[in-house]
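> here you go, sequence then predicted model.
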Amino acid sequence: MVGHQVGRDRLPELDLKDHLGRPETLQITVFIPSVDREHGKQAKDFEKRITEALGAQRSIPLEGLPSQGPLDLLQLRTELGRRLRSSGGRPTDPEWTLRRVIPFKEKGWRILEQLAARCSHEGQTVSPSQLAALLIERGLQDLLREQARRA
């Protein structure tokens, strides 16, 4: 079988026939949760990688959706990998200039710990606090966008 190269895996090409047995073309469209548009090129690269990995002909970003499961984790991992930089110590986002203590329920912190572990990859460890900061920023951006939309 011939397929698209995706990492180490291959997606098989489909041999589709219409009801008369004639070859048919399959058009694949991918609906992707929108990525932080402030980072233009990285957002486009993310969309392109997902579209190519799935063998799709086009992608359509969807704005303002709730959690998208595995794709949301992929977005978080990608954004954290892009933003966190090390200057000798624990990696951090250079734009984070304020440090604050924020209280959490124990259950909420455990969820952050689990998600942070899932976002850690390729030698980069993500802390629950770093993930919380990113999620708070995203929530604030969504809130401001929604307020602007309603104004």
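That came in fine, so what should we check first? Since the model is a prediction, treat every value here as computed from it, not as a measurement. Residues are numbered from 1 along each chain as shown.
> which parts of the protein are helices?
In the chain, the segments counted as helices under DSSP state H are 40-53, 70-83, 106-119, 128-150.
> quick check: closest non-adjacent residue to P128.
Closest residue to P128 apart from its sequence neighbours, by Cβ to Cβ, 6 or more residues apart in numbering: L112 at 3.8 Å. To be clear about C-beta, it is placed using only N, CA and C from the backbone, and glycine gets the same treatment.
> and that neighbour, what's its pLDDT?
L112 carries a pLDDT score of 94 in this model.
> that one and I102 touch, don't they?
No: the pair L112 / I102 is not scored as a contact, 10.8 Å apart, by Cβ atoms under 8 Å.
> what do the two both touch?
Contact criterion Cβ atoms under 8 Å, 6 or more residues apart in numbering; residues shared by L112 and I102: A132.
> more crowded one of the two?
Ranked by neighbour count (other Cβ atoms under 10 Å), L112 and I102 place L112 first, with 19 against 8.
> still on that earlier bit, check contacts around the residue nearest to P128.
Shown in contact with L112 (Cβ under 8 Å, 6+ apart): 104, 128, 131-132.
> what is the nearest of those to P91?
Closest approach between these and P91, by Cβ to Cβ: L131, at 12.5 Å.
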